[in-house]
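[1] I would like the atomic coordinates for the input below:
(one chain, ligands or ions: 3)
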Amino acid sequence: MDKQIRRIGVLTSGGDAPGMNALIRSVVRSASAHDISVLGIRRGYSGLINGDIIEMGARSVDGIIRKGGTMLYTARCKEMLTEEGLQKAADTCRYLGIDGLICCGGDGTFRGAQALSRKGVPCIGVPGTIDNDIGCSDYTIGFDTACNTAIECIDKLRDTMQSHERCSVVEVMGRRAGHLALQVGCAVGATAICLPERQLDFDTEIVERMRIGRIKGRNHHIIIVAEGYGSAQDVADQIHEATGIDTRVTILGHIQRGGSPSAMDRVMATRMGYAAVRALMEGKTNRVVVSDNNIVTDIDIEEGLAQSKDLNQCLFEAQQTVAI
Ligand SMILES: Nc1ncnc2c1ncn2[C@@H]1O[C@H](COP(=O)(O)OP(=O)(O)O)[C@@H](O)[C@H]1O
Ligand SMILES: O=P(O)(O)OC[C@H]1O[C@](O)(COP(=O)(O)O)[C@@H](O)[C@@H]1O
Ligand SMILES: [Mg+2]
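    Numbering: from 1, shown residues only. Ligands and ions are numbered 1, 2, ... in the order given. Reported below is the predicted structural model:
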């Protein structure tokens, strides 16, 4: 049975991710279709604490589906970690008559949603991070676009590495997780990928592979380093010392977080935004919307946060086999 929901809030929090705008659009339009009004909370949880809020309607999200970033801005808000800040955020929701809140971000954002749910504000989390590091969901909004952006950049690097017969060591984002690095490394045909989740034998899996590659006619190499593995510069220095090959380091950095979202991110954001509004209408709280084998459903936040996600082992093995 649907609960009578009159007004909801939506916010984006933590690192931005391409597709967050598509999520906002989906939430606003799904709510409007049911005569539910929407308040946009700006700058993540700090918008709730400081009352930085805008009214939104179906027309205020026109044209944003194709835009990167987030029109509501985002922030990492330390005050939300204090009892006082949390209470202020909950009080704002009560004062504004917010019957439910949709919070798009990563694991930190879900902890905030969980804390607010405990204060009696119905909250639904939606996974939005380029890292794809949410254990309970196969997919997080932004991952596909970030992969494509990184691939486009590394393809360009390959041109110059090939011309100079060099080795390119590229650092890819992902915080403590290697999902982005593995996906990107596979797609660019990397010689090796340094991942936080897998031990790598430097001598056999990098140096020896490069040496054999050279004998077989490979004149250049791409090595991907996940930021959670360690410093790309250290890896490059070690490679140079062991092989004598001229190496160059590129840290892709925040460029990976920008750009127009891919079809995958626009569609997944639309599905998840719709599901989040439905969940609030069904009277749910303290849940996170997830993709489970490409079926969009929801799960208890605490249960979701307790789950971990290993690298795709089949992909890892395939990559190890073809990188010769
Ligand atoms: N334990 C917590 N309780 C309340 N709010 C939290 C908690 N952890 C994180 N948050 C809020 O969520 C925000 C986003 O978390 P962060 O870890 O920076 O990014 P992400 O959501 O992308 O993982 C934090 O800046 C903070 O405002
Ligand atoms: O934007 P900042 O604060 O420099 O943070 C960089 C971090 O944010 C990310 O881009 C995304 O992480 P979150 O989604 O958890 O915020 C990480 O890959 C990276 O380690
Ligand atoms: Mg995170």
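
[2] and the stretch 1-150 of the chain, which residues reach ligand 1?
    Taking C-beta under 6 Å from any ligand atom, the part of the stretch 1-150 of the chain that reaches ligand 1 is made up of 13-15, 44-45, 76-77, 80-81, 105-109, 111-112, 115, 129. The C-beta positions use only the backbone N, C-alpha and C, and glycine is treated the same way.

[3] what subset of those residues is buried?
    With neighbours counted using 16 or more other C-beta atoms under 10 Å, these contain these buried positions: 13-15, 44-45, 77, 80, 105-109, 111-112, 115, 129.

[4] tell me the one of these nearest G258?
    Closest approach between those and G258, by C-beta to C-beta: G15, at 11.4 Å.

[5] A helix includes the closest one, no?
    No. The assignment for G15 is coil, going by DSSP: H, G, I helix; E, B strand; the rest coil, so no helix is present there.

[6] and the gap between it and A89?
    Distance from G15 to A89, counting by C-beta to C-beta, to the nearest Å: 20 Å.

[7] now do T247
    T247 sits 48 Å away from A89, taking C-beta to C-beta as the criterion.

[8] do the same with D298
    When C-beta to C-beta is applied, the distance between D298 and A89 equals 22 Å.

[9] could you do D99 as well?
    For D99, the distance to A89 - C-beta to C-beta - is 15 Å.

[10] same question for R42.
    Note on R42: its distance to A89, by C-beta to C-beta, is 13 Å.

[11] neighbour count for those two, which is higher?
    Using other C-beta atoms under 10 Å as the criterion, R42 and A89 rank with A89 on top: 25 against 21.

[12] list phi and psi for that one.
    The phi/psi pair for A89 (degrees, to the nearest 10) reads phi -60, psi -40.

[13] surely it touches A113?
    No. Using C-beta atoms under 8 Å, A89 is not in contact with A113, being 10.6 Å away.

[14] next up, the contacts around the residue of the chain found nearest ligand 3.
    When you check the chain against ligand 3 by C-beta to the ion, the closest residue turns out to be G106, at 3.1 Å. The contact partners of G106, by C-beta atoms under 8 Å, 6 or more residues apart in numbering, come to G14, G15, P127, G128, T129, D131, D133, I134, T140.

[15] repeat that for S26.
    A269, T270, R271, M272, G273, Y274, V277 are the contacts of S26 under C-beta under 8 Å, 6+ apart.

[16] nearest residue to it in space, please, no chain neighbours.
    In space, S26 comes closest to G273 once its chain neighbours are excluded; the distance is 2.7 Å by C-beta to C-beta, 6 or more residues apart in numbering.

[17] what does L23 give?
    Setting aside the residues directly before and after it, L23 is nearest to A269 in space (C-beta to C-beta, 6+ apart), at 4.1 Å.

[18] pull the contacting residues for the one you found.
    By C-beta under 8 Å, 6+ apart, the contact set of A269 is G19, M20, N21, A22, L23, R25, S26, G128, I141, P261.

[19] how about the first one: what's its closest non-neighbour residue?
    Put plainly, it is G19. What sits nearest to G19 in space, not counting adjacent residues and going by C-beta to C-beta, 6+ apart, is D265, at 3.4 Å.

[20] likewise for the third one?
    With C-beta to C-beta, 6+ apart as the criterion, N21 has its nearest non-adjacent residue at 4.1 Å, and that residue is I64.

[21] I figured the one you found hits V28, correct?
    No. In this structure, I64 is not within contact of V28 by C-beta under 8 Å, at 9.4 Å.

[22] the buried ones among the residues of the stretch 1-150 of the chain next to ligand 1 in helices, which ones?
    Y45, D107, G108, T109, R111, G112, A115 (DSSP state H).
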